[in-house]
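K.L.:
Show me how the following folds:
(2 chains)
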Amino acid sequence: MMRARGRNFVIALAAIIWVATVLISYRSVRAFESTPGAPADARASWPANAGVERNLSGPTLVMLAHPHCSCSRASVAELAEIIARGPRNLQTVVFVFRPHDFQAGWERTAVWNAAAKLPNTRVVVDIDGAAARRFGAITSGQTFLYDRAGVLRFSGGITSARGHRGENSGRDSVIRLANTSAGFSTHSVFGCAIGGKS
Amino acid sequence: MEPVNGDDRDSRIDALTNERLTARRVRVDRMFAVLLVVQWLAAIATAVFFSPYAWAGRERAIHIHVWIAVVGGGGLILLPILLAWFKPGAPITRHVIAAAQMLSSALLIHLSGGRIETHFHVFGSLAFLAFYLDWPVLVTATIIVAADHFLRGVFWPESVYGTVNAEWWRFLEHAFWVVFEDIFLIWSCALATREMRENAARQIEVEDLSEQEQLKSAALEMAMAEMSASA
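P.N.:
Reported below is the predicted structural model:
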């Protein structure tokens, strides 16, 4: 009798934990994934000390990424979609963060490898996030679109949430602006902090 | 020899069928207890492999996906495993297992970033749940998966469809394919249960015939014994 009562108590306790687990897991993951990182302090025109040359024959797309940010794999996947659907003369630069005292190669992750496979794309090591600071980026996955004249057309992220691939208004805006070079748009950016807390 | 009463025979068939169904459901409960643990470990492995850490520059911390897989996934399987242990074969056990299995699908879909391929886990799970030969279990599973898709589709579409622009009714499209599979699984459950009942009826028939034969042999032996005694 006592044993059956104890067993029922354990099951009732497990039932409470079960319901609480489902609710708390949903809530915490939802909060984490839909909370954007810090927005960029974007430069209205191509920075003079950008460290790379701007494309003079068409738009330039710049992404700043943390190599170990799992969310940024989705950003690079969306970058591939933009390049495929953007104008032929679009050129892309992906800066990948690495602290100066970290061993060379630390940045060669899936993010780097995926970016290196993209057409018309240069992948550059960003030592201590110097390029990120020059462009005003704080969060990994931050993307800027500059038109042929060096005017900023887009600043933001190109995924809908942390680590989620697929259609979203950020990506669609970049494709539209890269093809028209008119107007300006922004979008929340989801990812890890490039140089510190995001 | 007394004729076998029809009601009595039916109740014996029912009892034998239920006994076999219960034995089968106990085995399936145990199978799911193991499967839920394996899926939990797979969820942890997925989280550790794809998103082990959240980074802030040079600093790193355990990624929330790992915590969700370990703590959330662990909490999710606690109740069904306890029920499979303490109440194997009970209806509540298989309904809770069905719900936990569908929620495990939701967890895996989420950890894979809403990858459409991970949705196949739902269909595989329904096929496993059909092992119970209890169609209401499939209804429970379908309600859970439809509710999960509906709620996440409304409030958080990218986690289930991989896009924010999913139409509100898209859960109906997913639910349609689940129901499509359910129809055949429910039909196969009914068919298998009927076959199980037919096998039970045959076994009872064989047992009755064997009993009758034994009675006949006993009567024959008795008659021969009486004949030899009178001779």
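
K.L.:
Who are the contact partners of residue 118?
P.N.:
No chain specified, so I'll use chain A. By Cβ atoms under 8 Å, 6 or more residues apart in numbering or on different chains, A:Leu118 lies in contact with A:76, A:79-80, A:83, A:92, A:94. C-beta coordinates here come from the backbone N, C-alpha and C atoms, glycine included.

K.L.:
wrong one, chain B
P.N.:
Counting by Cβ under 8 Å, 6+ apart, B:Thr118 has contacts B:105, B:108-109, B:112.

K.L.:
change it to 7 Å
P.N.:
B:108-109, B:112 (Cβ atoms under 7 Å, 6 or more residues apart in numbering or on different chains).

K.L.:
since we're on residue 128, how many residues are nearby?
P.N.:
All of this refers to chain A. Using other Cβ atoms under 10 Å in any protein chain shown, A:Asp128 has 17 neighbouring residues.

K.L.:
Sorry, I should have been clearer: chain B.
P.N.:
For B:Phe128, the tally of surrounding residues (other Cβ under 10 Å) stands at 16.

K.L.:
remind me which residues of chain A are low pLDDT?
P.N.:
A:1-2, A:196-198 (pLDDT under 70).

K.L.:
The closest residue to chain A within chain B: what secondary structure?
P.N.:
Per Cβ to the nearest Cβ, B:Gly75 is where chain B lies closest to chain A, at 2.9 Å. Classification of B:Gly75 by DSSP: H, G, I helix; E, B strand; the rest coil places it in helix.

K.L.:
So which residues of chain A form helices?
P.N.:
Counting by DSSP state H, chain A has helices at residues A:2-34, A:71-85, A:110-116, A:130-135, A:169-180.

K.L.:
Check these for me and report the most buried one.
P.N.:
Greatest average neighbour count among those goes to helix A:71-85 (a mean of 23), per mean count of other Cβ atoms under 10 Å in any protein chain shown.

K.L.:
That helix packs against which elements?
P.N.:
strand A:60-65, helix A:110-116, helix A:169-180 (3 or more Cβ pairs under 7 Å, 6 or more residues apart in numbering or on different chains; DSSP states H and E).

K.L.:
try 8 Å this time
P.N.:
With contacts taken as 3 or more Cβ pairs under 8 Å, 6 or more residues apart in numbering or on different chains; DSSP states H and E, helix A:71-85 sits against strand A:60-65, strand A:91-98, helix A:110-116, helix A:169-180.

K.L.:
relative to helix A:71-85, how tilted is the last one?
P.N.:
Angular relation of helix A:169-180 and helix A:71-85 on a 0 to 180 degree scale: 30 degrees, by axes from the mean of the first three to the mean of the last three Cα atoms, to 10 degrees.

K.L.:
again, but for the second one
P.N.:
Inter-element angle recorded for strand A:91-98 and helix A:71-85: 170 degrees (by the same axes, to 10 degrees).

K.L.:
and what of the shortest one?
P.N.:
Per the same axes, to 10 degrees, the angle that strand A:60-65 makes with helix A:71-85 is 170 degrees.

K.L.:
dump the residue contacts of A:Arg43.
P.N.:
A:134-136, A:152.

K.L.:
Quick check: the gap between it and A:Ala132.
P.N.:
Plainly put, A:Arg43 is 12 Å away from A:Ala132 if you go by Cβ to Cβ, to the nearest Å.

K.L.:
cool, and B:Leu83?
P.N.:
According to Cβ to Cβ, B:Leu83 and A:Ala132 sit 52 Å apart.

K.L.:
Which residue, other than its chain neighbours, is closest to the residue in chain A positioned nearest to chain B?
P.N.:
Per Cβ to the nearest Cβ, A:Thr21 is where chain A lies closest to chain B, at 2.9 Å. Take A:Thr21 and drop its neighbours on the chain: the residue closest to it by Cβ to Cβ, 6 or more residues apart in numbering or on different chains is B:Gly75, 2.9 Å away.

K.L.:
again, but for B:Leu133
P.N.:
Going by Cβ to Cβ, 6+ apart, B:Leu133 has B:Cys189 as its nearest residue, at 4.8 Å.

K.L.:
which residues does the one you found contact?
P.N.:
Contacts of B:Cys189 by Cβ under 8 Å, 6+ apart are B:130, B:132-135, B:138.

K.L.:
Quickly check the residues you listed for the two that are furthest apart.
P.N.:
B:Leu133 and B:Leu138 (10.4 Å; Cβ to Cβ).

K.L.:
which of the two has more neighbours?
P.N.:
Ranked by neighbour count (other Cβ under 10 Å), B:Leu133 and B:Leu138 place B:Leu138 first, with 23 against 20.

K.L.:
any idea which element that one lies in?
P.N.:
Assessed by DSSP states H and E, B:Leu138 sits inside helix B:135-155.

K.L.:
quick one: is that helix near chain A?
P.N.:
Yes. On the criterion Cβ under 8 Å from any Cβ of the partner chain, helix B:135-155 is in touch with chain A at B:Phe155.

K.L.:
Pull that helix out as PDB, backbone CA atoms only.
P.N.:
Only the C-alpha atoms of helix B:135-155 are listed here, as PDB (Å, rounded to 0.1, in the frame of the first residue of the first chain):
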ATOM      1  CA  TRP B 135      -5.500   3.400 -32.600                       C
ATOM      2  CA  PRO B 136      -6.300   6.000 -29.900                       C
ATOM      3  CA  VAL B 137      -2.500   6.300 -29.300                       C
ATOM      4  CA  LEU B 138      -2.100   7.500 -32.800                       C
ATOM      5  CA  VAL B 139      -4.800  10.000 -32.200                       C
ATOM      6  CA  THR B 140      -3.000  11.400 -29.200                       C
ATOM      7  CA  ALA B 141       0.300  11.600 -31.200                       C
ATOM      8  CA  THR B 142      -1.500  13.300 -34.100                       C
ATOM      9  CA  ILE B 143      -3.100  15.900 -31.700                       C
ATOM     10  CA  ILE B 144       0.300  16.700 -30.100                       C
ATOM     11  CA  VAL B 145       2.100  17.100 -33.400                       C
ATOM     12  CA  ALA B 146      -0.700  19.200 -34.900                       C
ATOM     13  CA  ALA B 147      -0.900  21.400 -31.800                       C
ATOM     14  CA  ASP B 148       2.900  21.800 -31.800                       C
ATOM     15  CA  HIS B 149       3.000  22.800 -35.500                       C
ATOM     16  CA  PHE B 150       0.000  25.100 -35.100                       C
ATOM     17  CA  LEU B 151       1.300  26.900 -32.000                       C
ATOM     18  CA  ARG B 152       4.900  27.200 -33.300                       C
ATOM     19  CA  GLY B 153       3.600  28.100 -36.800                       C
ATOM     20  CA  VAL B 154       1.700  31.000 -35.300                       C
ATOM     21  CA  PHE B 155       4.200  32.300 -32.800                       C
END
